[in-house]
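A.B. asks: Build me a model from this:
(2 chains)
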Amino acid sequence: MLRVIRKVPVYLVLIALTVLWVLPVLSSFLVSFKSSEDFVSQTFYQLPSRMYFLTNLVTVLEQYRLLDNLGNSLLYAAVGTLVVVIAASMAGFSIVRLRPKFNFLLFLIIYSGTLFPFQMYLIPVYRLFNTLNLYDTRTGMVLIYSAICIPFSLFVYRGFYTTIPREIEEAAKLDGCGPGRSFFSIFLPQSLPPTAVVALFQATWIWNDLLFGMVLSRTQSVRPIMVAVATMSGYGGGNIPWIMTAVIFTSIPTILLFIGLRKFFIQGMVLNVSA
Amino acid sequence: MPCPGAPARRPRVFLEDPSLKTRDTLVSYLFILPAFALVVVLLVVPMAQNVYFSFFRWDGITAPIFNGVSNYWAMVTDPVIQGSMLNTVVWVVFTLVLPALGGLLVAVFVSGLRGENFFKSVFFIPLTISFVATGIIWTYMLGKQLGVLNGVLALLGIPLQPSYLTDVPLNTFSMIFAWTWQQLGSNMVMFLMGLGTIPRDPIEACLMDGASPWQTFVHVKFPMLAPITTVVITMAMVNSFKVFDIIYVMTRGGPYSSSETLAVSMFRETFTLFHMGYGAAISVVLSIIVIVISAAYIRRMTKRDLLYY
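C.D. replies: Numbers count the residues shown, from 1 in each chain, chains lettered A, B, ... in the order given. Predicted structure coming up:
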């Protein structure tokens, strides 16, 4: 009994925190169901007079042409992640297993990309993209997203490949497998766990990026989704029900990914922190 | 098994074949090339260029003019940057207190509690949401007239209606709170992981010897959490230096640059005012701070790696 009583304050604090953590989500959902008139005339907890979510969604998609941006971000997330998976797994394999001269130095050079704040790259990349006519192009966006994601992904693959027993590869070598063959037929088929972590984590990151999208793109046909959503809000205002509808709509892909692959997400997060 | 049926003896000759060895070496570099090229061209070289640009006065259009360390000197004397540095320090300090220490406390109290999974999921919700979405959600929560928090205050009969995002320094703290809402969950996960690795025996021994749960925590559990704590603290500090999205969405650094941090000032100077050289200098200073903080951690990491190699 005494133990239960001692737990009461803990529960009270946790419940208070739960309210604080859940309230923003619930009120955001509620607001996205309101019309602009309801939003202005009601208080935050009142239910909308009519369900307006779909009307809001259609308005937002038409007025701000968010589908363009959604398409862009989908493309960046898919192609960028594909490039990263290929480049990082190959490099990781070579660094851990083929171990050419300077492999550790090469690793450190690539890995240094995780250290610096992104602000360090913005100006030169902006300039480079302008000279190469990559500014405000989809190719440019895919390239920069891939480059940003490679260091962490390499770290993941490198860590994973050290755990594959050396004997398997040596046996293959004795059987006459070259390095290429041993990568494609031994290492790659076993790479599902790191690939899941990398793909999930990097696709989410690309989808959620704001900074590079803002600096390296200008037109509707190139701008990624988060930039479009962020510019909808303007400074401290805008039409809240519309913006909230857009926020919820554009968060659905990452939330679904998260729910479906929660295990990998946590694994990736832990790796990201320890990287 | 790949390559089946190959004779067992032949490969020895095969491996010693010098031309094949050269080919293998070439292949091993080719495997690294795509990743290396992308990172070097788009990150490593730009980083060096950025340092170079920071010594120039440059508007992004006309030719850059060398002006030595003037940009760095200007940072020291610029009142906006001074304010921004102060805000950055506030962000770092309160990030350590709120999401980091908060994450530790929540982890300690939640672990083993009835309803552990429920509370864990609660703190997990925001992790799935982008910083942009977090910023917008909290912009609504903290709105002066129609915001939820002021609505709650009115419901409770508290005659206060703060303008969370325009009053200085309240705006910075409001955004730190939004950041905490987003980040606490990930720190909680880290600490829960750490707590999971602590063996039960010493703790039970302490409790048997009559130590209070608090004493057990301070003298046994917390020291055993040291590695995780180091990681969380380093990451919390580094990440708070990098905060950009939330501030950009919630206040744009305003009003009148009052809620800027260095990361936001860099963006404004560079891409709104086109003071490219000055922006570069700000980002260099920001990077130096981040590197110094993570230096201890990196050194440990690389040492471990060198041992492994």
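A.B. asks: count of neighbours near residue 125?
C.D. replies: All of this refers to chain A. The number of residues packed near A:Val125 is 29, by other C-beta atoms under 10 Å in any protein chain shown. The C-beta positions use only the backbone N, C-alpha and C, and glycine is treated the same way.
A.B. asks: wrong one, I was asking about chain B
C.D. replies: For B:Ile125, the count of nearby residues is 17 (other C-beta under 10 Å).
A.B. asks: Now A:Gln46: closest residue in space, sequence neighbours ignored.
C.D. replies: In this structure, A:Gln46 finds its nearest non-sequential neighbour in A:Asp38, 7.9 Å apart by C-beta to C-beta, 6 or more residues apart in numbering or on different chains.
A.B. asks: Test my guess that the one you found contacts A:Ser49.
C.D. replies: Yes - using C-beta atoms under 8 Å, A:Asp38 makes contact with A:Ser49 at a distance of 5.6 Å.
A.B. asks: Have a look at the two and say which one is more surrounded.
C.D. replies: The residue with more neighbours, out of A:Asp38 and A:Ser49, is A:Asp38; 17 against 12, by other C-beta under 10 Å.
A.B. asks: what's the distance between that one and A:Ser191?
C.D. replies: 51 Å (C-beta to C-beta, to the nearest Å).
A.B. asks: Would stretch A:156-172 count as contacting chain B?
C.D. replies: Yes - using C-beta under 8 Å from any C-beta of the partner chain, stretch A:156-172 comes into contact with chain B via A:Thr162, A:Ala171, A:Ala172.
A.B. asks: which one among those gets closest to chain B?
C.D. replies: When those are compared for distance to chain B (C-beta to the nearest C-beta), A:Ala172 wins out at 5.9 Å.
A.B. asks: What is the neighbour count of the closest one?
C.D. replies: Neighbours of A:Ala172 under the rule other C-beta under 10 Å: 19.
A.B. asks: So what's the residue count around the closest residue to it other than its chain neighbours?
C.D. replies: Spatial nearest neighbour of A:Ala172, excluding adjacent residues (C-beta to C-beta, 6+ apart): A:Ser182 at 5.0 Å. By other C-beta under 10 Å, the residues close to A:Ser182 number 23.
A.B. asks: How about B:Thr22?
C.D. replies: Look at B:Thr22: counted by other C-beta under 10 Å, it has 10 neighbours.
A.B. asks: Now do the contacts for it.
C.D. replies: Under the criterion of C-beta atoms under 8 Å, 6 or more residues apart in numbering or on different chains, B:Thr22 has no neighbours.
A.B. asks: What are the phi and psi values at it?
C.D. replies: Backbone torsions for B:Thr22, taken as degrees, to the nearest 10, come to phi -60, psi -40.
A.B. asks: ok, for the residue of the stretch 151-275 of chain A found nearest chain B, nearest residue in space, not its chain neighbours?
C.D. replies: Proximity of the stretch 151-275 of chain A to chain B (C-beta to the nearest C-beta) peaks at A:Asn208, 3.6 Å away. Distances taken as C-beta to C-beta, 6+ apart put B:Ser130 closest to A:Asn208, at 3.6 Å, once the chain neighbours are dropped.
A.B. asks: ok, that neighbour touching A:Thr254?
C.D. replies: Yes - at 7.0 Å, B:Ser130 counts as touching A:Thr254 under the criterion of C-beta under 8 Å.
A.B. asks: so which strand or helix has residue 80?
C.D. replies: As the question left the chain open, I've gone with chain A. helix A:66-93 (DSSP states H and E).
A.B. asks: looking at chain B here, not the other one
C.D. replies: helix B:79-95.
A.B. asks: So which bits of that helix are buried?
C.D. replies: For helix B:79-95, a neighbour-count test (16 or more other C-beta atoms under 10 Å in any protein chain shown) marks B:Val80, B:Ile81, B:Gly83, B:Ser84, B:Met85, B:Asn87, B:Thr88, B:Val90, B:Trp91, B:Val92, B:Phe94, B:Thr95 as buried.
A.B. asks: and what of stretch A:61-71?
C.D. replies: Neighbour count says stretch A:61-71 has A:Leu61, A:Tyr64, A:Leu66, A:Asp68, A:Asn69, A:Leu70 buried, by 16+ other C-beta under 10 Å.
A.B. asks: Report the spatially nearest residue to the last one, omitting neighbours in sequence.
C.D. replies: Same thing as A:Leu70. In space, and not counting its chain neighbours, A:Leu70 is closest to A:Ile225: 5.4 Å by C-beta to C-beta, 6+ apart.
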